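J.: Below is the structure, and that's it, no one-letter string:
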């Protein structure tokens, strides 16, 4: 019975430093065959680094990674893969000119320069794996023509092809619809039934709670809790790290808006993408100095609305800015008029430093006001000052978002449009970001239009809230009433 | 001349690509037959032009294997060609017979390929591309510095030549090109070609699937160097000279790249089409003087801009739709 007790993956004292930063600190954990371990932690906690260390994509500074009795720490990736580890990457990059079947066959080929023709068995195995993962109907299709969920299936098929003893899955449910999530849960559950050891890496416990046997929570490279999903969710430290909390609102004195014309006035705007109606008779207005949130789920039309305002998509209806119609103005002219959008994709210049990104935003300012603006931004986002010389690409997700907002603010916008700033960010980062927005609202006269899926984030600073649902505005009111009137209906 | 997407085991292919494959094979046999009969229906002028074009075609195919399949941005294919040409030429001048010189020239090119592979394993994309450009410049410098042995910019005469007969020279070149095309084409469609494409697209993912990326990259460089070097050496013994202008200069490197993109990247055989087009029309348009290169490059540019998949890539897509 000793063999059964041997873990499939045994990690001990794993440490990884990047320069001065300790990304993973003396971490130990085991995964048994037929067990699913959830490795969770907010952005920058080191969980992705752990996965890379196990797979050999990064080399650990110290510690052991033992696979069925063999220490593979520091081995090259392909040897670790041959030792029985498969990985499902979050972003798939299949061969585009080969079919699904050929992509799976690729994973079954031997690591040999001289086997030019694949073993006849490979074809049958590839078909069987495809069938099992529900790719049977798309065998002859090429990846670019497949929907997102099928691409994820293809990634799983490739990872499964070599019959790995240990499977690493990076953010298994990112970008999937609820019904697809159920399907993928079942697939991962099958891995467990096959007796594989599974390591799921994700942001939060909730999304993987139903699936995992055990959870290991990480923060700043260290283990902060380990145990059942319920016990980890109840854990004090975890709760502190993942400060969720109830919806808060900070009403401020009623802005005297009736006397002036709205700053931004969107009237009856329609946008169509081919046959799909992305916006239908949407009317919103934003007064000077106001902080307005538009909340809505993914696909409700928030980004389309902002793009229409910024002149990036054609629309029917009227959009007025400071009393004048924006129709026919180029996106650049609209931005110069002080209407600055901070897109959800962030669009940073990755190879340029933080400072250079900010300087680009402040191109049109005089040297003196550029300095003043920069000083103010460094005060608003102290982390930006610390990272001043670092390339933007090397920042964490949350820091990149702060930089994107800071760069937009460098342009001294009259109206700042923030599209989904919380996308992909961990709760602890949200809190920092939320504080920065709060200070922004209190210390400057800037007008903000925020688009958000995350209500807890969107409401605290809002003066007024719109709810966008299936291309239409379905509710408008102050945040205090939101919980009472919309709270349960929203999700 | 074949379905670019079919897997090597043709017997199990489903009907569509299978048919296409069989038709492609017949077209290939026909083209080879007509080509081999060239000396019976072409004038000596055309035989001479095509002889050069065939060697050029091998340059293009070797480049396509490295760039189109292994994803290595090599802006200096003439580095490997020049090593083969000058290596073989020097050996011939030292008294070695032609067959030994061909082997020797190819070996020198392979050593060059290994040298290129070293930076390729550390650098990506444009950075590696820059290394390949510098490699060509270094070779040019070396040839000029050691002009006593290499003939410098004038070129290096070799005592032996392949043949004095235009027909025989044509057959040597044609045979060499066909054999190279078959080998490179089969390699590109084999398991090796598939793995090379995977390593070219994403090294980490390929490694995570259990492939030793270094090994495959080095192999790709060696294969490309072998054929480039051999073609360079053969061309030297056809011309009777190894010359900087015809085999090493960066403008030749650019022409090779244009030939591949024009003919169709990642098709191997497209490179031959592109090479024949470039060399043949450059000669045919000679009466219009200096304008010839301008016109040919202009046409190639139009094809590249409007049909980025190249002539063969476009033809394959069209055939697949039928």
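T.: Cool, the structure landed. Model, not experiment: these values are computed from the prediction. Numbering: from 1, shown residues only, chains lettered A, B, ... in the order given.

J.: What is the neighbour count of the residue nearest to residue A:180 when sequence neighbours are not counted?
T.: The shortest distance from residue A:180 to any residue other than its chain neighbours is 4.6 Å, reached at residue A:149 (CB to CB, 6 or more residues apart in numbering or on different chains). (Each C-beta comes from the backbone N, C-alpha and C, glycine too.) Applying other CB atoms under 10 Å in any protein chain shown, we find 17 other residues in the vicinity of residue A:149.

J.: For residue A:149, what are phi and psi?
T.: Here is the backbone geometry of residue A:149 (degrees, to the nearest 10): phi -60, psi -40.

J.: And for the one 3 residues further on?
T.: The phi and psi torsions at residue A:152 (degrees, to the nearest 10) take the values phi -60, psi -40.

J.: and if you look at residue A:302?
T.: Backbone torsions for residue A:302, taken as degrees, to the nearest 10, come to phi -60, psi -50.

J.: circling back: if I look at the residue nearest to residue A:180, how far off is residue A:263?
T.: Here residue A:149 is placed at a distance of 42 Å from residue A:263 (CB to CB, to the nearest Å).

J.: so how many other residues sit close to the residue in the stretch 51-200 of chain B that chain A sits nearest to?
T.: With CB to the nearest CB as the measure, residue B:190 is the residue of the stretch 51-200 of chain B nearest to chain A, at 3.8 Å. For residue B:190, the neighbour count with other CB under 10 Å is 18.

J.: before we move on, what about the one 10 residues further on?
T.: Residue B:200 is surrounded by 22 other residues when neighbours are defined as other CB under 10 Å.

J.: ok, it - contacts?
T.: Residue B:200 is in contact with B:69-72, counting by CB atoms under 8 Å, 6 or more residues apart in numbering or on different chains.

J.: 10 Å instead?
T.: For residue B:200, the contact set (CB atoms under 10 Å, 6 or more residues apart in numbering or on different chains) comprises A:95, B:66-72, B:206, B:213, B:216-217, B:220, B:266.

J.: Among those residues, which are located in helices?
T.: Cross-referencing the contacts of residue B:200 against helices under DSSP state H gives B:206, B:213, B:216-217, B:220.

J.: Out of those, which are close to chain A?
T.: Applying CB under 10 Å from any CB of the partner chain, the subset of the ones in helices among the contacts of residue B:200 adjacent to chain A comprises B:206, B:213, B:216, B:220.

J.: most neighbours, which of the residues you listed?
T.: Of all these, the most densely surrounded is residue B:220 (28 neighbours; neighbours counted as other CB under 10 Å).

J.: my guess is that one meets residue B:63, correct?
T.: No. Residue B:220 is not in contact with residue B:63 according to CB atoms under 10 Å; the separation is 11.3 Å.

J.: Which residues are in contact with each of these two?
T.: With contacts defined as CB under 10 Å, 6+ apart, the residues shared by residue B:220 and residue B:63 are residue B:72.

J.: Can you tell me which residue sits nearest the middle of chain B?
T.: By CA atoms, centre = their mean, the mean C-alpha position of chain B lies nearest to residue B:59, the distance being 2.0 Å.

J.: contacting residues around it?
T.: For residue B:59, the contacting residues are B:77-78, B:80-81, B:224, B:227-228, B:231-232, B:235, B:247, B:252-253, B:255-256, B:259-260, B:271, B:275, by CB under 10 Å, 6+ apart.

J.: now, which of those residues lie within helices?
T.: Where the contacts of residue B:59 overlap with helices, as defined by DSSP H, the overlap consists of B:77-78, B:80-81, B:224, B:227-228, B:231-232, B:235, B:247, B:252-253, B:255-256, B:259-260, B:271, B:275.

J.: Surely residue A:228 is in contact with residue A:216?
T.: No. Residue A:228 lies out of contact with residue A:216 (CB under 10 Å); the separation is 11.3 Å.

J.: Please say which of these two ends up with more neighbours.
T.: Per other CB under 10 Å, whichever of residue A:228 and residue A:216 has more neighbours is residue A:216, with 23 against 13.

J.: Follow the chain on from the strand or helix carrying that one and name the next helix or strand.
T.: Counting by DSSP states H and E, the secondary-structure element that holds residue A:216 is strand A:214-219. Using DSSP H and E, the helix or strand that follows strand A:214-219 towards the C-terminus is strand A:222-227.

J.: What residues of that next one count as buried?
T.: Residues A:223-226 are the ones in strand A:222-227 that count as buried (16 or more other CB atoms under 10 Å in any protein chain shown).

J.: Next: stretch B:153-170.
T.: For stretch B:153-170, burial by neighbour count (16+ other CB under 10 Å) applies to B:155-156, B:158, B:160, B:162, B:166, B:169-170.

J.: Which members of these occur in strands, if any?
T.: Cross-referencing those with the strands (criterion: DSSP state E) gives residue B:156 as the overlap.

J.: Would you check which pair of the buried residues of stretch B:153-170 lies furthest apart?
T.: Of all pairs drawn from the buried residues of stretch B:153-170, the greatest distance, 23.9 Å, lies between B:156 and B:170 (CB to CB).

J.: From chain B, how far out is residue A:264?
T.: Computed with CB to the nearest CB, to the nearest Å, the distance linking residue A:264 and chain B is 42 Å.

J.: Contacts only, for the nearest residue to residue B:237 once chain neighbours are set aside.
T.: Here the nearest residue to residue B:237 in space, its sequence neighbours aside, is residue B:162; by CB to CB, 6+ apart that works out to 4.7 Å. For residue B:162, the contact set (CB under 10 Å, 6+ apart) comprises B:51, B:98, B:168-169, B:171-173, B:234-240.

J.: most neighbours, which of those residues?
T.: Neighbour counts for the contacts of residue B:162, by other CB under 10 Å, peak at residue B:236, which reaches 34 neighbours.

J.: So residue A:421: helix, strand or coil?
T.: Here residue A:421 is coil, with the state taken from DSSP: H, G, I helix; E, B strand; the rest coil.

J.: wait, I meant residue A:17
T.: With three-state DSSP as the basis, residue A:17 sits in strand.

J.: Report pLDDT for it.
T.: Predicted confidence (pLDDT) for residue A:17: 88.

J.: can I assume it is in contact with residue A:63?
T.: No. Taking contacts as CB under 10 Å, residue A:17 lies outside contact range of residue A:63: 11.7 Å.

J.: tell me, what's touching the two both at once?
T.: Residues touching both residue A:17 and residue A:63 (CB under 10 Å, 6+ apart) are residue A:24.

J.: what about residue 147, how many neighbours?
T.: Just so you know, I chose chain A. Counted with other CB under 10 Å, the neighbours of residue A:147 add up to 10.

J.: try again with chain B
T.: 12.
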